[in-house]
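[1] what follows is a predicted protein model with its sequence.
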Amino acid sequence: MMKDVKEIRANAKEWLDEVITVQGWVRNHRKQKEFGFIDFNDGTCFESLQIVYEKDISHFDDVQKISVGSAIEVTGVLVKSFNEKQAFELKAKEVTLLGACPEDYPIQPKRHTREFLREQAYLRPRTNLFGAIFRVRSVAAMAIHEYFQSHNYVYVHTPLITTADCEGSDQMFKITTLDMNHLPMKDGQVDMSKDLFGKQAFVTGTGQLHGEAFAMAYKKIYTFGPTFRTENSNTKTHANEFWMIEPEIAFCDLNQLMDIEEEMLKYIIQYVLEKCEAEINFFDTFVEKGLKDKLTKVLSSKFVRITHRNVIDILKKANIKWEFEPDYESDIAKEHEKYITEYFNGPVFITNWPKDIKAWYMKLNDDQKTVAAVDLEVPGAGELMGGSQREENYDQLIKRMKEMHIDRNTVDWFCNLRRYGGCYHSGFGMGFERMIMYLTGIENIRDVLPFPRTPKNCEY
């Protein structure tokens, strides 16, 4: 019977002494004169399956020639193992080579640096580290869908091509079908009316604006898909293509939004801890010591809620020489994020940010100086989510757009949502890769994206 390794591990006691067939790849091959061991993995779970073959197998010499990386099919008997590290192994009766691999295969059974493996991005999922990372990514994505679906949210596929300037066009990729060598001109500028859409279009930096439109019909929606930014940043936490989760909720204020953020984060962590126990243990041992305790602690934490002004008060009173001096009118730096989560010994919601450093669609507070925005800071990762109560007052929104020089023509439909049965509403965004970094202890965003897109890097 053809089986996956994951199935075998779950049913090993019942299937002992049964004849089983598996298909997968050779991770390691230890050859002896009279027998051999194959470290076999089919990708269905983190753990491998040990294949044992002996001299009496009819094609022993051919099996001994199978190299690391090769695809094979093995039929054998599942038996108890004499090795204390594993409870069972597959004693091979027949080993068939399905896809040979040359001796210069880059992923040999030894430690490779993450920098080297980034250069082998199409092969790195075959390693223990990246196999674990991308399985956690898959499971975490499922957790997100299950959380929102179980809470009556509608999953909305917002467009990747847009004319809506949400984050500022200087941060958005422009797209065109025009011949760049023969651009049509009008009054000294490129005539975008000749382009496919008849106007300037962008690759989206967020699904929020379109998500708000659907929230006004379904009450609770979420988007989950790729987003794109043009910022020329080479930090460990930025990429030009990444995935975002963006819920939008009607009849929801800022305090209710924080309740949802906290509940969702705890749900994802609990889900991953249950579904990826082997992977989390691996990360805890080889990537970030204490990772499991850190994640488990979050589940029982009550997240602190504090205003931006009070955070700055705490930072200014700290007996620390800051690289970036805390300021009441400015954003906080990474060093500040780290300090404030250590100060409260857990996750922290920072609310009511200065209006001049936040987006134009955020609700202006009564003080006329701050907006009802919130960032969630978590230990070890810094900012994980950012959200706000949206400005539901039409006149106030138009005023803010003028102050921040937003072209109303590109988002006039969005403004009209306030005129046609609008209500108070809120939403947040969570960078999926930031979440995976937090769950795995991996420090560089390039290592949690299957094929990272960063400045000067668009391989594969």
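    Right, received. Where do you want to start?

[2] which of the residues in stretch 47-58 are classified as buried?
    Across stretch 47-58, burial judged by 16 or more other CB atoms under 10 Å covers 48-53, 57. (C-beta placed from N, C-alpha, C; glycine too.)

[3] for Ala318, the count of nearby residues, please.
    Neighbourhood size, Ala318 [other CB atoms under 10 Å]: 14.

[4] quick check, pLDDT for it.
    For Ala318, the pLDDT comes out at 95.

[5] and it, how far from Glu342?
    Noted for Ala318: a distance of 10 Å to Glu342, by CB to CB, to the nearest Å.

[6] so where's this structure uncertain?
    Along the chain, segments meeting pLDDT under 70 span 165-169.

[7] where exactly do the helices run in it?
    Under the criterion DSSP state H, the chain contains helices at 5-15, 60-64, 114-118, 128-150, 208-218, 254-275, 277-286, 291-299, 308-317, 334-344, 394-403, 412-416, 432-440.

[8] OK, contacts around Pro184?
    Contact partners of Pro184, counting by CB atoms under 8 Å, 6 or more residues apart in numbering, are 178, 190-191, 194.

[9] strands - which of these land there?
    Using DSSP state E, the subset of the contacts of Pro184 located in strands is Val190.

[10] any chance of the contacts of Pro184 in a markdown table, with neighbour count too?
    Compiled in a markdown table, these are given as follows (neighbours: other CB atoms under 10 Å):
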| residue | neighbour count |
| --- | --- |
| Leu178 | 14 |
| Val190 | 15 |
| Asp191 | 12 |
| Lys194 | 14 |
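
[11] need the nearest residue in space to Lys338, chain neighbours excluded.
    Counting by CB to CB, 6 or more residues apart in numbering, Lys338 lies nearest to Gly382, which is 6.9 Å off, once chain neighbours are set aside.

[12] ah, wrong one, I meant Met435
    Leaving aside its sequence neighbours, Met435 sits nearest to Ala140 (CB to CB, 6+ apart; 6.3 Å).

[13] that neighbour against Ile436, yeah?
    Yes. The pair Ala140 / Ile436 is scored as a contact, 6.3 Å apart, by CB atoms under 8 Å.

[14] give me the number of residues near Phe214?
    Per other CB under 10 Å, the neighbour tally for Phe214 reads 21.

[15] and if you look at Glu329?
    Residue neighbour count, defined by other CB under 10 Å, stands at 12 for Glu329.

[16] now it: phi and psi?
    Glu329 has phi and psi values of phi -100, psi 10 when expressed as degrees, to the nearest 10.

[17] that one and Ser388: what is the separation?
    18 Å.

[18] now do Leu254
    For Leu254 relative to Ser388 (CB to CB), the value is 7 Å.

[19] between those two, which contacts overlap?
    Counting by CB under 8 Å, 6+ apart, the residues touching both Leu254 and Ser388 are 363, 372, 374, 426.

[20] of all these, which comes closest to Thr113?
    Nearest to Thr113 among these, counting by CB to CB, is Val374 at 38.1 Å.

[21] residues contacting the nearest residue to Lys297 once chain neighbours are set aside?
    Leaving aside its sequence neighbours, Lys297 sits nearest to Gly346 (CB to CB, 6+ apart; 7.3 Å). Applying CB under 8 Å, 6+ apart to Gly346 gives the contacts 297-298, 301-304, 379.

[22] out of those residues, list just those in strands.
    Among the contacts of Gly346, DSSP E puts Val304 in strands.

[23] can you verify my assumption that Gly429 contacts Met244?
    Yes. The pair Gly429 / Met244 is scored as a contact, 5.4 Å apart, by CB under 8 Å.

[24] what sits in contact with each of the two?
    Thr206.

[25] run a quick neighbour tally on Asp253.
    Look at Asp253: counted by other CB under 10 Å, it has 14 neighbours.

[26] Val203 and Gln171: what is the separation?
    From Val203 across to Gln171, the span is 11 Å (CB to CB).

[27] who's more crowded, those two?
    Per other CB under 10 Å, whichever of Val203 and Gln171 has more neighbours is Val203, with 18 against 15.

[28] what sits closest to that one if chain neighbours are left out?
    Closest residue to Val203 apart from its sequence neighbours, by CB to CB, 6+ apart: Phe173 at 4.1 Å.

[29] is it true that that neighbour touches Thr230?
    Yes. Between Phe173 and Thr230 there is a contact at 5.7 Å, judged by CB under 8 Å.
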